[in-house]
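Q: Sequence below, structure please.
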Amino acid sequence: PPHLPPSLSPFLPFLPFLPFLPFLPFLPFLPFFPFFPFLPFLHPPSLSLFFISLFPSALFPSRVQHRTQNECRASHFHSVARECLETGVLLPQNERQHPHVHSVANNGKRNAEVPEKTLYLGEHDGTQDLYTAGRVPFLLINDCTWTMRKTYHFCLASHEEVMHRSEEDFIYDVNCFAVAVVRTESRALADAVMSSHDHFCAQTDNISELAYLRRNAYTRYFNTKYGRKGRLGEKEQFVIELRGVRHVTAAVSYVNRNPLHHGICPTPFGYRFCSSNSVFQSELGKGYSGPFLSPSKRYRYLPGNVTLPESFRMDASGMVLQEDIIDVRYVEELYVTPRSFLYMMNRYSDEKWIAEQKEEDGSQPAVTLENIEQALMDENAEQMRSNEKGWTNMSALTDIELCTIIDTKYVPRCGCTSIYGLSERQKHRIGNDLWAKYGRRTTEKQIRRCLAM
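A: Predicted coordinates:
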């Protein structure tokens, strides 16, 4: 029957005998109990089994009851497609033809040219699943219509103050992103949490909801911790829709290289709160082996009344592992090999990279350092390129180091709990003292940012 899962089909002939299961031990005494057929009506559990045998659909939710045969077959083809993608096996060319196919590159127009490396599965009444060898989001084509999650790059910046003052703040923001990804059923591709801004790439049905859930949860945490009020970060948020494998790969690479661009570390792999260390872990000798935080302590590092699946592991500091947030397999298939990934992590932002993207799709602008970092264009782009080449002053204080000095040494002396309790006069006094002590390792702009001036 269509309302039953196929796995229960072999057991259907035995359903009428369910009410008699509790009385099987008394089967040898059947001649002495001529009313044996009526025993189920005298035993409440057996009576319930009797009604279940008459109405087996009561065992299953209403959503499953109304599954059609086509839907069951579609579910099967989804699993087959996943297996093909995991093993790298594609169907023969003659099995990949279908009269009603919409091309991703042509925004769903009919009679469009079908990509060469395309896997088609499950022709049944005009419903078909489409995948590509690069695991581009699948299209579900039903009556010549399709739906697909779009890929975005998102950036939220704060120019007047830092968004993360301590390591705990970075950890909590990463966990907020994990919660937002789970709640919106999105696919995260890359994430970088910096002191004054957040970058991430994701495939989602609703980028606004994904960004709001993360920003709102973290803002409530930050305001509560530091006695602050109001919106955290700029009102304007920067979103770029990405189309094409090379454009997506470039955006993911720029997000993973973000700490390098801002001079936090000499390589993309030297920063903890970034997803660059989450892919090709076995090939590059990376990965976290434990210890992991016990389930009873996980709630301390998550927004209130929120839980994460057990597959999202937390390290000893309470941060959800990046490899559990990011769809690692998808990202690895974008880069294909570990050597290609290392090349993309170390290549220069030049015209050749732009030309490669325009060769794929000239109708959309190439992903560059300028449009990825457009929320922070007040910073010197040439300095970012200099950092990209390894010419970084590693003796300079980072924002988290300067904030730690302010929060542990200066704020307690003023009798306050956070910088948001300081007066403007106290902030100016602290800023002058910091400039006198650390002038060679910091800038006036960084001091103002860390003091929220």
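Q: so what does the helix or strand where residue 250 lies touch, helix or strand wise?
A: With elements delineated by DSSP states H and E, residue 250 resides in helix 245-256, which encompasses its position. Taking 3 or more C-beta pairs under 8 Å, 6 or more residues apart in numbering; DSSP states H and E as the contact definition, the neighbouring helices and strands of helix 245-256 are strand 150-157, strand 187-193, strand 197-204, strand 238-242, helix 328-335, helix 338-346, helix 351-360, helix 369-372. To be clear about C-beta, it is placed using only N, CA and C from the backbone, and glycine gets the same treatment.
Q: give me the low-pLDDT residue ranges for this structure?
A: Applying pLDDT under 70 to the chain flags residues 1-148, 377-379.
Q: pretty sure residue 311 is touching residue 323, no?
A: No. Look at residue 311 against residue 323 with C-beta atoms under 8 Å: they stay out of range, at 10.8 Å.
Q: higher neighbour count, these two?
A: For residue 311 versus residue 323, the count of surrounding residues by other C-beta atoms under 10 Å is larger for residue 323: 18 against 7.
Q: distance of the more buried one from residue 339?
A: Using C-beta to C-beta, to the nearest Å, we find residue 323 at a distance of 20 Å from residue 339.
Q: Then residue 386?
A: Distance check for residue 386 against residue 339: by C-beta to C-beta, it reads 26 Å.
Q: now do residue 416
A: Separation of residue 416 from residue 339 (C-beta to C-beta) stands at 52 Å.
Q: Residue 354 now?
A: Counting by C-beta to C-beta, the separation of residue 354 from residue 339 is 22 Å.
Q: circling back: who has more neighbours out of residue 416 and residue 339?
A: Of the pair residue 416 and residue 339, residue 416 is the one with more neighbours under other C-beta under 10 Å, namely 16 against 11.
Q: Excluding covalently adjacent residues, which one is nearest to that one?
A: residue 422 (5.6 Å; C-beta to C-beta, 6 or more residues apart in numbering).
Q: Test my guess that the one you found contacts residue 430.
A: Yes. In this structure residue 422 lies within contact range of residue 430 using C-beta under 8 Å: 7.4 Å.
Q: Give the residues shared as contacts by these two.
A: Jointly contacting residue 422 and residue 430 under the rule C-beta atoms under 8 Å, 6 or more residues apart in numbering are 414, 451.
Q: count of neighbours near the closest residue to residue 334 other than its chain neighbours?
A: Counting by C-beta to C-beta, 6+ apart, residue 334 lies nearest to residue 249, which is 4.9 Å off, once chain neighbours are set aside. Number of residues near residue 249 (other C-beta under 10 Å) recorded here: 25.
Q: just checking, residue 249 touches residue 336?
A: No. With contact defined as C-beta under 8 Å, residue 249 does not reach residue 336; the gap is 9.6 Å.
Q: still on that earlier bit, relative to residue 356, how far out is the residue nearest to residue 334?
A: When residue 249 is compared with residue 356 (using C-beta to C-beta), they lie 10 Å apart.
Q: what's the answer for residue 149, then?
A: Relative to residue 356, residue 149 is positioned 24 Å away (C-beta to C-beta).
Q: again, but for residue 290
A: Remark: distance between residue 290 and residue 356 (C-beta to C-beta) = 40 Å.
Q: Residue 341 now?
A: Between residue 341 and residue 356 the distance is 16 Å, computed by C-beta to C-beta.
Q: out of these two, which sits in the more crowded spot?
A: The neighbour comparison of residue 341 against residue 356 (other C-beta under 10 Å) goes to residue 341, with 23 against 14.
Q: Identify the residues contacting the residue nearest to the more buried one when sequence neighbours are not counted.
A: The spatial neighbour of residue 341 that comes closest, neighbours along the chain excluded (C-beta to C-beta, 6+ apart), is residue 335 at 4.0 Å. By C-beta under 8 Å, 6+ apart, the residues touching residue 335 are 249, 279-280, 341, 344.
Q: again, but for residue 295
A: Residues touching residue 295, when contacts are defined by C-beta under 8 Å, 6+ apart, comprise residue 310.
Q: Quick check: closest non-adjacent residue to residue 205.
A: By the measure of C-beta to C-beta, 6+ apart, the closest residue to residue 205 outside its immediate chain neighbours is residue 149, 5.5 Å from it.
Q: from memory that neighbour sits against residue 210, does it?
A: No. In this structure, residue 149 is not within contact of residue 210 by C-beta under 8 Å, at 10.9 Å.
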